[in-house]
Every structure is written in structure tokens, then in C-alpha cells.
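S.K.: need a structure here:
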Amino acid sequence: MKMFDRYDAGALAAWGLVLLASLVLLGYLAANPRKMLWIEAAHPSAAYGLGDDWLNKGDFAKAIREYERGRDYFKKLYEKDQLESHRKQMVLGILKLANAYSLRGRTQTLSTVDRNDALTGAVRYYDEAIALEPGMSEGQPFLSRGDALLQLERYKESAASYLEAIESGRGMTALRAIYGRGIGYVEMNSPEKAADDWYDFLRYSDGIGKEDLEKIAALPESGNPRWKAAAGGALFLLGEKNQARSLIEEYAASAPYDRFGKYLLAEAANRPFHEDSGIIGLDECFPEKKETPRKLGSAWIDLYASHSGMFLLTAGLSSAATESALPQVTIHGKNENIFAVDGAETRDYPLIIELDEGKNLIEIRAIRLVESDEEPAVYLHSLDMRRTAENK
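M.R.: Numbering: from 1, shown residues only. Next up is the predicted model:
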């Protein structure tokens, strides 16, 4: 009995010492909150945030070290418990490593060898992330990998990666991919292909930077008449209006039914243009699709108005009866409109949207209502633009 008493007394004393030490530590941390932050930062789960801080300061070595620490931590957790959240955090770490190496590869103070080594490392990490999670970030990893391959002058590989970004990307991701692919086509001496890409980039983008416009304006002449629209449009935005006007006029004469060409011609001539009305077909959407009806993931439409006001946009859509996932379609403009596709029969879905004077860019997206591996079951046939009665 005395043995147990001595044991209990010893355990109680040890517990008391632990409690006392804990209280002292808590009191110290309360009086010194910066120490608490240091303890939290030391944990591997905080490594990504620390890596971001170092990356913002331009210290690539420390950023990479933190990203590796975080990736390894979540990799071990995933290998142990197979939780999807840990797998995604591991992939996030791989993407952060890829981005850090990609940014380092653009550092002009490095030697060519060091920049290429960094870009090669970026491609390797993008490959790894895409293999683990191809649908992550809606095409951004494909775009970033294409950019790295372009800088490495691996143009055919960059074009393939850009294509995947175009097919899986949303909005500006897809448009930046066709711009990058156009650069590669010029370098591969295929300006006629670059003309198609840069025509689309100029048509469906807004707020293009001066450096990009200068590159497009210098597009070599080719047998593809779109080079005149791309180069002419870029020259016009750069303020070279006389030179731009001759190219735009030549293009408009060769493509009299091109809505974008008509818009450029009116802008270059400083005269009013005809606003959109009536049926707008499939060929007016980006990315371009040949099949009819068109299976829709994401599409960009350029709509033109002579003055601001409300338009009635009627979208002719259908949903395949065999699909289990009935998506929504979102039209992005100044105001977001959402409507559900609720059957296999082709119907009209009227939407009231407000357009500003000039060019308006609207993105139409299909969104799954139910988790599915299939693409959203929405098919776009056409758009019917009509101005509402009160604004005619």
C-alpha cells in the first residue's frame, strides 16, 4: 500500500510540475505575443505562407525551402491517412514550387544557364502537379507550363501545353494561352497561325498592355488575311491610326461579314457603327468550335452597342436527355445572370443585360449542378440580340 502511495505522490508531483511549467509558458507567451507567432510559424503547416512572404521579397531560395517543407509535411500526412484535403495541399505545394522556379527563371540578373535550369525545374513541377490534379485552377498550370516552355524555346511543346490551357481554361487563362501560342508560331515561322491566335486575343481581350500590342503590331505578313485585322487593330490601339486604317480597310473588304472587322473599320474611320441585332451564330464565339450543336464549357462573346442600354439576349440551348448533370449557364457582364437548363428540349432563355457603348465582352459558362466526370450537358446553338422596347 505504501508503494502505491509513493507512486501516486510522485505522479501527482510530476503532474504539478508540468502544470506549473505550462502556466509559466502561457504567461510568458501572453506577455510576449511575438514568440507565439514564432512557434506557429515553425510548424510545417505554416510553411506555404512563409514561402509566399519570402517570394514577395524576391528571396527564391528561402521561398523554395519553405514550399518544400510544406509539401513534404502534407505528403507524409496523405501517405498516412489518404485524406483528399491533404493530397490537395500537397499538390498546392508542388504548384507553389513550380511558380517559384518559373519566377526565378525570369530574373534577368541570372545567367542564361541558371535561368534555363530554373525554368526546367518549373516545367518538371508543373508536369507533376498536372499529373496529380489536371483540373486544378481551371487551366492555369497548363498556361504557366506553356509560358516556361516558350521561354526555353521549346515551341512545339509550349503550343501543346497552351492548347490544353485553351481547352480547359476559363476567361483570360484561355486568352493568354492563345497569345503565348501566337508568339511560338511566329518563332516557328508560322505567322499565318499566329494571325488566327492574335486576332482572337485582340478581339476577345480588354485592356491589353503596350508590350503585347507592340508584338502583335509587328506580326509578319502572311497569306492569312486576319494578320491585317490583328496588326491593324493593335496599331490603332497604339495610336498609329493612319497606318492602322489602311490595314483595317483591306481586312474589312476581304471579310465583309466579320462583325469585329466592321467594328474596327468604324472605329478607325471615327464614325458610328451598327450595333448587334438579330441572330449571332456559333462562329462568333471563342474558343472556336466546328461542331453543331456546340458543347459548351466556356465561351466568350463580343457584343457591340451604339449606345448604352438594355438588350434582350435570347440563348438557344439544349441539354442531352441522357446526361444526369443539368448545369446552369452564367453570363458575365456588369451584372451576373444565371438560369438553369431544365430539359432536353431546345428552348429560348431570355436574359435582360445592359451593354455599354462600344465593345462588350461576355463570358458564358456551364456550371454543374451535380458532381460528374462528364462535361456540362449544355449545347449553345445561337444568340438572338434584341434591344428592349423601352430602349429602342
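
S.K.: all strands for the stretch 101-250 of the chain, in order.
M.R.: Shown for the stretch 101-250 of the chain, no strands are assigned by DSSP state E, counting those that start in this stretch.

S.K.: Distance from stretch 260-269 to the middle of the chain?
M.R.: Distance, stretch centre to chain centre, for stretch 260-269: 29 Å (CA atoms, centre = their mean, to the nearest Å).

S.K.: Other residues contacting it?
M.R.: 199, 203, 229, 232-233, 236, 241, 244-245, 248-249, 251-252, 255, 272-274, 302, 304, 359 (CB atoms under 8 Å, 6 or more residues apart in numbering). C-beta: built from backbone N, CA, C; applies to glycine.

S.K.: and the residues you listed, which are buried?
M.R.: Neighbour counting with 16 or more other CB atoms under 10 Å marks 199, 203, 229, 232-233, 236, 241, 244-245, 248-249, 251-252, 255, 273, 302, 304, 359 as buried within the contacts of stretch 260-269.

S.K.: Can you report how many residues lie near Ala315?
M.R.: Residues near Ala315, counting by other CB atoms under 10 Å, number 22.

S.K.: Quick one: residues contacting Ala174.
M.R.: 139, 165-166, 286-287, 298.

S.K.: at 10 Å what do you get?
M.R.: Counting by CB atoms under 10 Å, 6 or more residues apart in numbering, Ala174 touches 138-139, 142-143, 162, 165-168, 200-201, 204, 286-287, 297-300, 363.

S.K.: Filter those down to the buried ones, ChimeraX style.
M.R.: Of the contacts of Ala174, the buried ones go into a single ChimeraX selection, burial set by 16+ other CB under 10 Å:
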select :138,139,142,143,162,165,166,168,200,201,204,286,287,297,298,299,300,363
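
S.K.: In helices, which of the contacts of Ala174 appear?
M.R.: If you go by DSSP state H, the contacts of Ala174 have 142-143, 162, 165-168, 200-201, 204 in helices.

S.K.: Save the residues you listed as JSON lines, and put in distance to Gly316 and pLDDT too.
M.R.: Below are the ones in helices among the contacts of Ala174 laid out as JSON lines (distance: CB to CB, whole Å; pLDDT from 0 to 100):
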{"residue": "Phe142", "distance to Gly316": "31", "pLDDT": "94"}
{"residue": "Leu143", "distance to Gly316": "31", "pLDDT": "95"}
{"residue": "Tyr162", "distance to Gly316": "31", "pLDDT": "95"}
{"residue": "Ala165", "distance to Gly316": "29", "pLDDT": "90"}
{"residue": "Ile166", "distance to Gly316": "25", "pLDDT": "87"}
{"residue": "Glu167", "distance to Gly316": "24", "pLDDT": "81"}
{"residue": "Ser168", "distance to Gly316": "25", "pLDDT": "78"}
{"residue": "Asp200", "distance to Gly316": "23", "pLDDT": "94"}
{"residue": "Phe201", "distance to Gly316": "27", "pLDDT": "95"}
{"residue": "Tyr204", "distance to Gly316": "21", "pLDDT": "92"}
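
S.K.: Nearest to Gly58 among those residues?
M.R.: For the ones in helices among the contacts of Ala174, the residue nearest Gly58 by CB to CB is Leu143; the value is 23.0 Å.

S.K.: Tell me how far the closest one lies from Ile166.
M.R.: Distance, Leu143 to Ile166, by CB to CB, to the nearest Å: 9 Å.

S.K.: who touches both of those two?
M.R.: By CB under 10 Å, 6+ apart, Leu143 and Ile166 have these common neighbours: 173-177.

S.K.: Adding distance to Phe339 and pLDDT, write these out as TSV.
M.R.: As requested, these are exported to TSV (distance: CB to CB, whole Å; pLDDT from 0 to 100):
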residue	distance to Phe339	pLDDT
Thr173	24	88
Ala174	23	88
Leu175	25	91
Arg176	29	93
Ala177	29	95
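
S.K.: Which members of those residues are classed as buried?
M.R.: The buried subset of the shared contacts of Leu143 and Ile166 (16+ other CB under 10 Å) comprises 173-177.

S.K.: So which of these sit within helices?
M.R.: 173-177.

S.K.: ok, the nearest residue to Arg387 once chain neighbours are set aside - how many residues close by?
M.R.: Leaving aside its chain neighbours, Arg387 sits nearest to Phe311 (5.6 Å; criterion: CB to CB, 6 or more residues apart in numbering). By other CB under 10 Å, the residues close to Phe311 number 22.

S.K.: Kindly report the same for Arg347.
M.R.: So Arg347, with other CB under 10 Å, has 14 neighbours.

S.K.: hey, what's it bridged with?
M.R.: Leu317 (DSSP bridges).

S.K.: what's the distance between it and Gly316?
M.R.: When Arg347 is compared with Gly316 (using CB to CB), they lie 8 Å apart.

S.K.: out of the buried ones among the shared contacts of Leu143 and Ile166, who's nearest Tyr67?
M.R.: Nearest to Tyr67 among these, with distances taken as CB to CB, is Thr173, at 22.3 Å.

S.K.: low-confidence ranges in the stretch 151-300 of the chain?
M.R.: When residues are selected by pLDDT under 70, those of the stretch 151-300 of the chain lie in 289-297.

S.K.: Now with 80, please.
M.R.: 168-171, 282-283, 287-298 (pLDDT under 80).

S.K.: Now for the residue lying closest to Ile364 once chain neighbours are set aside: which residues touch it?
M.R.: Nearest residue to Ile364 in three dimensions, chain neighbours excluded: Ala299, at 4.9 Å (CB to CB, 6+ apart). Contacts for Ala299 (CB under 10 Å, 6+ apart) come out as 174, 204, 282, 284-289, 329, 362-366, 380, 383.

S.K.: if you set the cut-off to 7 Å instead, what comes out?
M.R.: 285-286, 364, 380 (CB atoms under 7 Å, 6 or more residues apart in numbering).

S.K.: Same check on Gly139?
M.R.: Gly139 touches 165, 168-170, 173-174, counting by CB under 7 Å, 6+ apart.
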